[in-house]
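Colleague: Predicted model and sequence follow; I will ask about them next.
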Amino acid sequence: MNTSLEHIALGQHQVKSYDEVASPEGFISYGNDNLFPQYLLDLYQSSPTHTALITSIAQMVYGDGFVPVDLDSRLAFVAWNMNDELRKCCFDFKIQGGFALEVQWSLDRSTIANVSHLPFENIRACEVGDDDKVKSYKYSTDWADSRIEVSTIHTFNQDYAKEFPTQILYVKPFSPGSFYYPKPDYIGAIHYCEVEKNIGLYHINNIQNGLSPSFSIHFKNGIPPVEERNQIRNDIESQMTGAKGAGKVWITYSDLPEQKPDFEPIPLSDADKQYQFLSEEATSKIMIGHRVTNPMMFGVLVPGKLGGGAELEISAELFNKHVITPMRKVIHEAIATLLSASGLNARIDMSSQIQLDGALEHLEATGEEVGDDWELIDVRPYDRAT
């Protein structure tokens, strides 16, 4: 009696490339398929822990918004609708590791007329010039569709405002190993985001297919030629690969009942414990990837820890110092660049909310009735000597 054993590899994770590759069209592909930013967006939308952390941290970075000190700068901020645009930038900054703003110069090119957020995933850098600086960027609403028109936007530079009234301020903090594109700070945890994503896919597909177990298949009609065995193996692999193949139903055909293949369930011991371990491990590593020192800051309970107020306060202070504040500084620098180009005071008031409360309290103390019709226009130090 002859017996042949075939091992079928049902799936292998393909690491997503984020290489910077020069394309024939003159721009730099982000990844081998030029879709790494879109991949990061997919992870944001499909890993629950990852989604919650990005949303919360982006909101922390934005905080109460950004307020320039000088009155003229504030008026420019209102005209540009800047805080609404920066709110979007905070999300891009956290998801992609950078953000971009489209800048429209005034008719006389002396000041900036408008600033608007550009989706970071839609932008690709062009090759550098002789001075090793990117002169322009390509913009497409869908890089996966070659039929979509690609436009060119010049890099933000006041010296070229007359020739290029529409420019792009591309904010890319330093990222080791990269020149054209930044990397998000959680780059080391993206595989665990994939784990969490695929755990969900596996369970939903298994539920929809009746919680069927995995099987081994035994064909009883002889050993087919190598080519036929390869074809059978390829067919099975193509249909059963990865989390989407969970619990699929097989249909077989045979001439004689005794020649039909046997399907033997393969029990998975302690499956519930394995999935629990994977889920907890993924959550833990995603937290580390986002530099969360205390998961309880984000409502995640840690077994065996009570989470006192003092500990949470220290954790929040450290997280603000090492994560939130550095990200806000990058945004401040971008704001300063725009305000300076318009000849305005570029300083951002970090304590504007405290000053606002103090000003309103002062008005109330002097007998004024401060209601909803009051609006604070400017705050500046008062020197009685002047």
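Modeller: Great, that's in hand.

Colleague: Give the buried residues for stretch 37-48.
Modeller: Neighbour-count burial for stretch 37-48, counted by 16 or more other CB atoms under 10 Å, picks out P37, Q38, Y39, L40, L41, L43, Y44, S46, S47. Backbone N, C-alpha and C define where each C-beta goes, glycine included.

Colleague: and what of stretch 114-124?
Modeller: V115, H117, L118, P119, F120, E121, N122, I123, R124.

Colleague: swap in stretch 191-199?
Modeller: So, applying 16+ other CB under 10 Å, buried residues of stretch 191-199: Y192, C193, E194, V195, E196, K197, N198, I199.

Colleague: now, which of the residues you listed sits nearest I348?
Modeller: C193 (32.8 Å; CB to CB).

Colleague: quick one: E85 from A334, how far?
Modeller: Going from E85 to A334 by CB to CB, to the nearest Å gives 11 Å.

Colleague: Please identify every residue contacting each of these two.
Modeller: L101 (CB atoms under 8 Å, 6 or more residues apart in numbering).

Colleague: Of those two, which one has the most company?
Modeller: A334 (22 against 17; other CB atoms under 10 Å).

Colleague: what's the helix or strand for that one?
Modeller: Using DSSP states H and E, A334 maps to helix 325-341.

Colleague: Now do the one helix or strand A79 maps to against helix 325-341, angle only.
Modeller: Assigned by DSSP H and E, A79 belongs to helix 71-80. Relative orientation of helix 71-80 and helix 325-341, computed by axes from the mean of the first three to the mean of the last three CA atoms, to 10 degrees: 100 degrees.

Colleague: Just checking, which helix or strand succeeds helix 71-80 along the chain?
Modeller: Past helix 71-80, the next helix or strand by DSSP H and E is helix 82-96.

Colleague: about what we covered before: between the buried residues of stretch 37-48, which sits nearest L312?
Modeller: Among the buried residues of stretch 37-48, and counting by CB to CB, the member closest to L312 is S47, at 24.6 Å.

Colleague: For stretch 323-334, buried residues please.
Modeller: So stretch 323-334, judged by 16+ other CB under 10 Å, has buried residues V323, I324, M327, R328, V330, I331, A334.

Colleague: which residues sit against it?
Modeller: 57, 60-61, 63, 66, 86, 89-90, 93-94, 99, 101, 169, 171, 173, 185, 290-291, 348.

Colleague: So what sits opposite Q167 in the bridge?
Modeller: Beta-bridge pairing for Q167 (DSSP bridges): V103, H154.

Colleague: does it really touch A161, like I thought?
Modeller: Yes - checked against CB atoms under 8 Å, the pair Q167 and A161 is within contact range at 7.5 Å.

Colleague: Keeping just the C-alphas, turn the helix holding A334 into PDB.
Modeller: Output in PDB follows, covering the C-alpha atoms of helix 325-341 (Å, rounded to 0.1, in the frame of the first residue of the first chain):
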ATOM      1  CA  THR A 325       4.500  68.100  24.300                       C
ATOM      2  CA  PRO A 326       7.100  67.000  21.600                       C
ATOM      3  CA  MET A 327       4.300  66.600  19.100                       C
ATOM      4  CA  ARG A 328       2.800  70.000  19.900                       C
ATOM      5  CA  LYS A 329       6.200  71.600  19.500                       C
ATOM      6  CA  VAL A 330       6.400  70.200  15.900                       C
ATOM      7  CA  ILE A 331       3.000  71.800  15.200                       C
ATOM      8  CA  HIS A 332       4.100  75.000  16.800                       C
ATOM      9  CA  GLU A 333       7.000  75.200  14.500                       C
ATOM     10  CA  ALA A 334       4.800  74.700  11.500                       C
ATOM     11  CA  ILE A 335       2.500  77.500  12.700                       C
ATOM     12  CA  ALA A 336       5.500  79.800  13.300                       C
ATOM     13  CA  THR A 337       6.700  79.200   9.800                       C
ATOM     14  CA  LEU A 338       3.300  80.300   8.300                       C
ATOM     15  CA  LEU A 339       2.900  83.300  10.600                       C
ATOM     16  CA  SER A 340       6.500  84.500  10.000                       C
ATOM     17  CA  ALA A 341       6.000  84.200   6.200                       C
END
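
Colleague: avg pLDDT for that helix?
Modeller: Average pLDDT, helix 325-341: 94.

Colleague: quick check: angle from it to helix 82-96?
Modeller: Using the same axes, to 10 degrees, helix 325-341 lies at 130 degrees relative to helix 82-96.

Colleague: Break down the stretch 151-300 of the chain into its strands, ranges please.
Modeller: With strands called from DSSP state E, counting those that start in this stretch, the stretch 151-300 of the chain shows them at 151-155, 166-171, 215-218, 262-265.

Colleague: To clarify, my last question referred to the stretch 1-150 of the chain.
Modeller: 20-22, 28-30, 99-105, 112-118, 123-125, 136-139.

Colleague: re earlier: which among the buried residues of stretch 191-199 gets closest to W105?
Modeller: Using CB to CB, the buried residues of stretch 191-199 come closest to W105 at C193, 39.9 Å.

Colleague: Surely the closest one and S47 touch.
Modeller: Yes - here C193 reaches S47: they are 4.1 Å apart, a contact under CB under 8 Å.

Colleague: circling back: between Q167 and A161, which contacts overlap?
Modeller: W105.

Colleague: So for C193 and S47, which residues contact both of them?
Modeller: Joint contacts of C193 and S47 (CB under 8 Å, 6+ apart) are I286.
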